[in-house]
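Peer 1: Build me a model:
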Amino acid sequence: MSLNYIAKLLKELRLKHNLTQGYLGHKLGKNQTYYSRLESGKAELTIPEAKILAKEFNVSLNKFFEEIDCEDELIEDNSAVFSEYLTKCFKEEYFKILKEYLKVCQDKGIEPNLK
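Peer 2: Down below sits the predicted model:
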C-alpha cells in the first residue's frame, strides 16, 4: 500500500525535475530497470536511496517524506505521524535506527545527515 504512494511521488518528482529513470537509477548505483521497479511499487526504497533521491530532487529528507501521502493523510511535520509512516514504509531494522537518529537531531535542532 505505502509502496504505491512512494512510487507515485518518485514518478511525479522525476518528471517535475525532467530527469530520466536511467539517470536516477545510475545515481542510486543501480540501473533504469531498478528505478522503474521503484516507480511501479515493485521494489522498496531504502533510507540511503531516499537520501540520494531527496538530494537529486533538491529537498531535505524530511521534506521528501512530508510529501508522501500515506492512507490519504498528508504527512505533517509531526514526529508521531512521521514515525507511524516510517513503520509502515520501511523494514523494522531501518526504522529503529532512523527513529533514534531523527530524535537526536530534533532534540539538538540539527538537520539529519544520512549518508
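
Peer 1: which helices and strands does the helix or strand in which G25 is found pack with?
Peer 2: Following DSSP states H and E, one finds G25 within helix 21-27. With contacts taken as 3 or more CB pairs under 8 Å, 6 or more residues apart in numbering; DSSP states H and E, helix 21-27 sits against helix 32-39, helix 47-56. No exception for glycine: its C-beta is placed from N, CA and C like everyone else's.

Peer 1: How much space separates the closest residue in space to K11 that isn't next to it in sequence from L61?
Peer 2: Nearest non-adjacent residue to K11, counting by CB to CB, 6 or more residues apart in numbering: E39, 4.7 Å away. In this view, E39 and L61 are 19 Å apart by CB to CB, to the nearest Å.

Peer 1: again with A7
Peer 2: Where L61 is concerned, A7 sits at a distance of 18 Å (CB to CB).

Peer 1: okay, now the residue nearest to K11: neighbour count?
Peer 2: 18 (other CB atoms under 10 Å).

Peer 1: What of the one 10 residues further on?
Peer 2: Around E49 sit 20 other residues, with neighbours defined as other CB under 10 Å.

Peer 1: can you check L61 too?
Peer 2: Residues near L61, counting by other CB under 10 Å: 20.

Peer 1: need the contact list for it.
Peer 2: Residues near L61 by CB atoms under 8 Å, 6 or more residues apart in numbering: 50-51, 54, 112, 114.

Peer 1: Can you tell me which of those is closest to L19?
Peer 2: Nearest to L19 among the contacts of L61, counting by CB to CB, is A54 at 13.2 Å.

Peer 1: Grab the nearest non-local neighbour of the closest one.
Peer 2: Per CB to CB, 6+ apart, closest to A54 is F64, 3.9 Å.

Peer 1: try K16
Peer 2: F57 (7.9 Å).

Peer 1: Would you list the phi and psi of the one you found?
Peer 2: phi -90, psi 0 (degrees, to the nearest 10).
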